[in-house]
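Visitor: Just the structure for this:
(one chain, ligands or ions: 2)
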Amino acid sequence: MSGIAEQACPGQFVEVGTGGATLLNKPISIAAIDRTAGTFSLVYKVVGSGTHAIASFKPGMDVKVLGPCGNGFGTIESGACLVGGGIGIPPMHFLAQEHQAAAGFSVILGAGTADDIVLKEEFTQVLGAEPYIATDDGTAGHHGTTVDLLDSLFKTDPVPVYACGPVAMLSSIAERCRQADVPSYVCLEAYMGCGIGICVGCVIPTVRGMERVCAEGPVFSGSDVLWSEF
Ligand SMILES: Cc1cc2nc3c(=O)[nH]c(=O)nc-3n(C[C@H](O)[C@H](O)[C@H](O)COP(=O)(O)OP(=O)(O)OC[C@H]3O[C@@H](n4cnc5c(N)ncnc54)[C@H](O)[C@@H]3O)c2cc1C
Ligand code: FES
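Guide: Ligands and ions are numbered 1, 2, ... in the order given. Below is the predicted model of the structure:
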């Protein structure tokens with residue numbers, strides 16, 4: 001495990017074995033790292049048999065974890081905005097954590113409802129200020145989407161955007177950034193099979209042809225993804 005904590009960069013994920021509950025390992029983004037302690041944190045939502053099995057793990061159990069997988073984000077540009085939607089919030093926390101010394105970035109978090117906004121306090125600690133929040137049902141922050149909040153920001157200050165979340169959110173962000181002529185970097189949490197580049201079960205259309213989210217990604221330049229063919 002300590003190898004993962006030493007090597008991982010934000011946007012990368014690990015493949016977690018479910019102890020036989022599912023045929024395939026489950027990809028989960030790294031949410032935080034303590035490099036001194038040699039530990040890393042995962043934050044996940046229980047949706048089916050794999051994540052249910054992971055949630056039943058007990059302290060001290062042997063767990064199969066493969067990683068770090070994928071390419072990850074590079075360094076973030078000054079003044080950037082980080083956007084996390086739903087289960088896309090955890091990797092953005094790792095990105096914020098790694099770059100907190102390079103102050104000057106803002107954070108927008110969104111989800112269906114307030115309970116699904118994870119890591120809000122942790123982001124506040126990193127930023128020294130609360131992140132902007134949007135919820136579909138209006139139970140926290142802005143009643144609407146992360147893209148609404150990004151639109152408000154872009155009216156005065158279009159900045160590079162780093163984002164992870166649902167495809168519809170990422171596609172809208174990439175389009176806003178294209179129109180404003182600023183870069184976007186999107187972390188795609190596509191359905192995966194093997195998670196290690198063999199099965200081609202995770203390919204997406206890009207300007208370079210079909211590419212594997214688990215190997216060439218999960219982070220892509222927003223302008224490289226052919227969103228209309230997704
Ligand atoms: C690179 C990557 C990073 C991820 N990081 C995280 C994370 O940090 N935290 C987290 O909670 N989840 C994350 N996920 C999603 C997580 O892997 C899936 O939710 C998990 O595989 C579901 O497995 P399951 O066996 O519990 O459910 P399944 O039985 O496989 O699925 C249950 C339901 O969830 C849907 N579903 C499954 N996978 C996805 C997906 N990738 N996108 C949308 N819907 C899906 C299925 O259609 C089904 O309706 C990530 C996925 C990828 C590819
Ligand atoms: S999940 Fe098998 S190649 Fe990406």
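Visitor: Mean confidence (pLDDT) on the longest helix anywhere in the chain, please.
Guide: In the chain, with assignment by DSSP state H, the single longest helix is helix 167-180. Per-region confidence: helix 167-180 scores 98 on mean pLDDT.
Visitor: any chance you could map the helices in this structure?
Guide: Per DSSP H, the chain carries helices over the ranges 2-7, 49-55, 89-98, 120-127, 146-156, 167-180.
Visitor: Go ahead and measure how far the shortest one is from the middle of the chain.
Guide: Distance, stretch centre to chain centre, for helix 2-7: 19 Å (C-alpha atoms, centre = their mean, to the nearest Å).
Visitor: so what's Gly110 closest to, chain neighbours aside?
Guide: Leaving aside its chain neighbours, Gly110 sits nearest to Thr146 (3.6 Å; criterion: C-beta to C-beta, 6 or more residues apart in numbering). Bear in mind the C-beta positions are built from the backbone N, C-alpha and C, glycine included.
Visitor: Now do the helix or strand bottoming out on mean pLDDT in the chain: which elements does it pack against?
Guide: Least confident helix or strand, the chain: helix 2-7 with a mean of 88, by mean pLDDT, DSSP states H and E. Here helix 2-7 touches strand 26-34, strand 39-42, strand 65-69, going by 3 or more C-beta pairs under 8 Å, 6 or more residues apart in numbering; DSSP states H and E.
Visitor: and those strands, which is most packed in?
Guide: Among the helices and strands packed on helix 2-7, strand 26-34 has the highest mean neighbour count (mean count of other C-beta atoms under 10 Å), at a mean of 22.
Visitor: near ligand 2 at all, that strand?
Guide: No. Using C-beta under 6 Å from any ligand atom, strand 26-34 stays clear of ligand 2, coming no nearer than 8.1 Å.
Visitor: partners of that strand, with directions?
Guide: strand 13-16 (antiparallel), strand 39-42 (antiparallel) (DSSP bridges).
Visitor: For ligand 1, find the nearest of these.
Guide: Closest to ligand 1 of the strands paired with strand 26-34 is strand 13-16 (C-beta to the nearest ligand atom; 4.1 Å).
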